[in-house]
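> fold the following.
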Amino acid sequence: MPKKRIGILTGGGDVPGLNSVIKAVVYRGGELGFEVVGIRRGWEGLTHLDLAGGAPERYVLPLDRANTRTIDRTGGTFLHSSRTNPEKMKVESLAPHLAAHLGRFREVKPGVVDVTPAVLDNLQALKIDALVVIGGDDTLSYAPVLERENVPVIAVPKTMDNDVRNTEYCIGFSTAVTRAVAAITRQRTTVGSHERIGIFRIFGRDAGYTALYTAYVTSIRCCIPEHRFNLEKLIHLLVTDKCHNPSNYALVVISEGAVWEGAEVHEYGEPDAFGHRKKVNIGEALSDQVKRLSGEETIVSDLTYDLRSGEPDFVDKMVATTFANMALDCLAEGKHGRMMAIQNGCYVDADIPDPALGPRMVDVATLYNVDRYRPNYANKRGLPIFLTHA
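Numbers count the residues shown, from 1 in each chain. Below you'll find the predicted structure:
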């Protein structure tokens, strides 16, 4: 019998651990008799690929033990990435061979089309029997589209925001928190030397898990998107912390999507392929208010892209390798339309999340102290390590 061909791609922002998934899929796939084909640049690889036009190597890379042997030793994604949404592509950005056949694509709105027919054609031309998709809630939102078109898909969740539904853990989260803790620990000396209030901005557009867990292990205050904080109260708490600290400084970590009561969420730039615009730096905005209302000097540090660079830590390597092997278990059993996940602290295969539900949010009542702007530390006995609900 001919070998089954598995395609694999990574989409959205890179995180440490992606290469561990890719390598493990290749190695386990070889043991099971699968051939693995890497799709480069995420969903762009399946929309822009033009096999008739030549140069398929830009988007297609056959994978084997030789060319994946060492990739798990570094961060990023060996297959590269993009923020491409095949369901909503601007006509002006279409590759020439797609623009030449514009009439075959459904118009979503003026100037935007759904190029799913091109994706299906490329999957068929590449003889892909199943697709392993590694991504966050945006990248994975296209997986159900392919499932409805009878393309078997296995999803692997990754995002340093840890906000994909149906799982308590996403690849990249542990390394991001580990790096954030290390950066804050280093910068305490500078903030303390100048007796200031340190404000650390961190990723978390919709969910505050990264800020929350960073605050949990550094014992500092945090602000998250799920709860609008009172500006005067937060500043009072920080000034009080500073006065009671023998070194005369205070720290707070704030999610990029956090905002105080009565304020607007300011965004700028063109929306990306999934409708997201960049948010104005909340760390700088909070710094201005601290200076205005208290007269205290601040130091603002942007802990964003550095947290997703470099090699993964132990937890991310372990979960990435396990998710990859679970994905191959599913394919070997003939299962698809599943996402590799952790629920109640245990590995499971779960439903691919419904994109209409949006990202998973912090359960404020369980995890966050709204009076102190700190994580909740009490009543953890019997709960899974990455708690989502009581």
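> C-alpha from now on. contacts and neighbour counts both.
Noted.
> quick check: domain ranges of the chain?
4-171+312-357, 174-308+363-375 (automatic domain parsing).
> including distance to residue 382 and mean pLDDT, could these go into CSV?
Output for the domains of the chain, formatted as CSV (distance: least, CA to CA, whole Å; pLDDT from 0 to 100):
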stretch, distance to residue 382, mean pLDDT
domain 4-171+312-357, 10, 95
domain 174-308+363-375, 14, 93
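> nearest to residue 385, of these?
Residue 385 sits nearest to domain 4-171+312-357 of all these, at 6.3 Å, using CA to CA.
> end to end, how far does the closest one reach?
33 Å (CA to CA, to the nearest Å).
> which residues of the stretch 1-150 of the chain fall in strands?
With strands called from DSSP state E, counting those that start in this stretch, the stretch 1-150 of the chain shows them at 4-10, 34-39, 60-63, 89-90, 106-109, 112-114, 130-135.
> turn the ones you listed into a markdown table, including distance to residue 194 and mean neighbour count.
A markdown table is the format used below for the strands of the stretch 1-150 of the chain (distance: least, CA to CA, whole Å; neighbours: other CA atoms under 10 Å):
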| stretch | distance to residue 194 | mean neighbour count |
| --- | --- | --- |
| strand 4-10 | 43 | 24 |
| strand 34-39 | 50 | 24 |
| strand 60-63 | 52 | 18 |
| strand 89-90 | 49 | 19 |
| strand 106-109 | 54 | 14 |
| strand 112-114 | 52 | 20 |
| strand 130-135 | 41 | 25 |
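> make JSON lines out of the ones you listed and add distance to residue 295.
JSON lines is the format used below for the strands of the stretch 1-150 of the chain (distance: least, CA to CA, whole Å):
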{"stretch": "strand 4-10", "distance to residue 295": "46"}
{"stretch": "strand 34-39", "distance to residue 295": "53"}
{"stretch": "strand 60-63", "distance to residue 295": "57"}
{"stretch": "strand 89-90", "distance to residue 295": "48"}
{"stretch": "strand 106-109", "distance to residue 295": "50"}
{"stretch": "strand 112-114", "distance to residue 295": "49"}
{"stretch": "strand 130-135", "distance to residue 295": "43"}
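> closest to residue 230 out of these?
The nearest among the strands of the stretch 1-150 of the chain, by CA to CA, is strand 130-135 at 34.3 Å.
> and that closest one with strand 4-10, angle?
Using axes from the mean of the first three to the mean of the last three CA atoms, to 10 degrees, the direction of strand 130-135 lies 10 degrees away from that of strand 4-10.
> and strand 130-135 with strand 34-39, angle?
Between strand 130-135 and strand 34-39, the angle comes out at 50 degrees (the same axes, to 10 degrees).
> which helices and strands does strand 130-135 pack with?
strand 4-10, helix 137-140, strand 153-157 (3 or more CA pairs under 8 Å, 6 or more residues apart in numbering; DSSP states H and E).
> that strand: partners in the sheet, and parallel or antiparallel?
In the sheet, strand 130-135 lines up against strand 4-10 (parallel), strand 153-157 (parallel) (DSSP bridges).
> could you dump those to CSV with distance to residue 333?
Below are the strands paired with strand 130-135 laid out as CSV (distance: least, CA to CA, whole Å):
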stretch, distance to residue 333
strand 4-10, 13
strand 153-157, 12
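> thank you, goodbye.
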